[in-house]
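Trainee: this one's sequence-less:
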């Protein structure tokens, strides 16, 4: 392939940026399978990420998700998030699709982010589905590994559950439909911080490639891609800022 991702980025009309856990790792957010602490160290995360687990022990599951949410609240967008937001100033259309359940893209300045796996900040009632608003701070100490009783729904008094996609659940229909649509209409697709093994989300770069888009993967650990795809090996923040410099001659402040 003689054309570089930077050259294609410079000419692009619609860019899709697809991010996974690696895009937020540099902000210090623990990944889903990082070692658990306190009360939860006896559990496999998969045991805490089902509707059955939540109904069986709501305070255990809610406490773990509150710990994760507070880690996000304490974190700041890193250079990758800032570079992605900056990219919107250089191309006619940019769409951010993420598997992450944090809000770091939004805090970096990205608009209308498509969350394939939901968000820690968008809980809802487990029974009637009514949305619930959480405070940005809490007096609870989830770092201690303690159980935390979930809030109750204002409509039906059911427990409020985390707004993330659990094992055995479908991706949100609207988000998945929107992700598929933009993957099939973009001319550059950047896959950042994801190894492309979690389906159905991993289907998106393949859809983009099938429609003739330039597909580039950015990851610190190399993995196999087809001869039609590009691979930029390195940390997301470093590689994204380098890509912007090469394509447009400047980059966001880090």
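Mentor: Arrived safely. This structure is a prediction, so every number in the text was calculated from the model and none was measured. Residues are numbered from 1 along each chain as shown.
Trainee: avg pLDDT for stretch 29-49?
Mentor: Mean pLDDT, computed over stretch 29-49, is 69.
Trainee: With stretch 199-208 instead?
Mentor: The model assigns stretch 199-208 a mean pLDDT of 91.
Trainee: Tell me the buried residues in that stretch?
Mentor: Neighbour-count burial for stretch 199-208 flags 201-205, 207-208 (criterion: 16 or more other C-beta atoms under 10 Å). C-beta here means a position set from N, CA and C on the backbone, and glycine is covered the same way.
Trainee: how near is residue 182 to residue 90?
Mentor: Plainly put, residue 182 is 18 Å away from residue 90 if you go by C-beta to C-beta, to the nearest Å.
Trainee: Residue 98 contacts residue 18, correct?
Mentor: Yes. Using C-beta atoms under 8 Å, residue 98 is in contact with residue 18, at 7.4 Å.
Trainee: Look at residue 232 and give its secondary structure.
Mentor: strand (DSSP: H, G, I helix; E, B strand; the rest coil).
Trainee: Run through the bridge partners of it.
Mentor: residue 218 (DSSP bridges).
Trainee: Could you check the pLDDT of it?
Mentor: Per-residue pLDDT puts residue 232 at 94.
Trainee: Outline the domain layout of the chain.
Mentor: Here the domain assignment for the chain is 1-29+77-117+170-254, 31-74+123-164, based on automatic domain parsing.
Trainee: tell me the most buried of the ones you listed?
Mentor: Of these, the one with the most neighbours on average (mean count of other C-beta atoms under 10 Å) is domain 1-29+77-117+170-254, at a mean of 19.
Trainee: Other residues contacting stretch 151-164?
Mentor: Residues from elsewhere that reach stretch 151-164 (C-beta atoms under 8 Å, 6 or more residues apart in numbering): 49, 51, 54, 58, 61-62, 65, 101, 117-128, 130, 132, 134, 150.
Trainee: Then stretch 51-58?
Mentor: 47, 60-62, 126, 147, 149-150, 159, 161, 166, 168-169.
Trainee: Surely residue 65 is within a strand?
Mentor: No. Using three-state DSSP, the assignment for residue 65 is helix, not a strand.
Trainee: Leaving out sequence neighbours, find the closest residue to it.
Mentor: residue 162 (4.3 Å; C-beta to C-beta, 6 or more residues apart in numbering).
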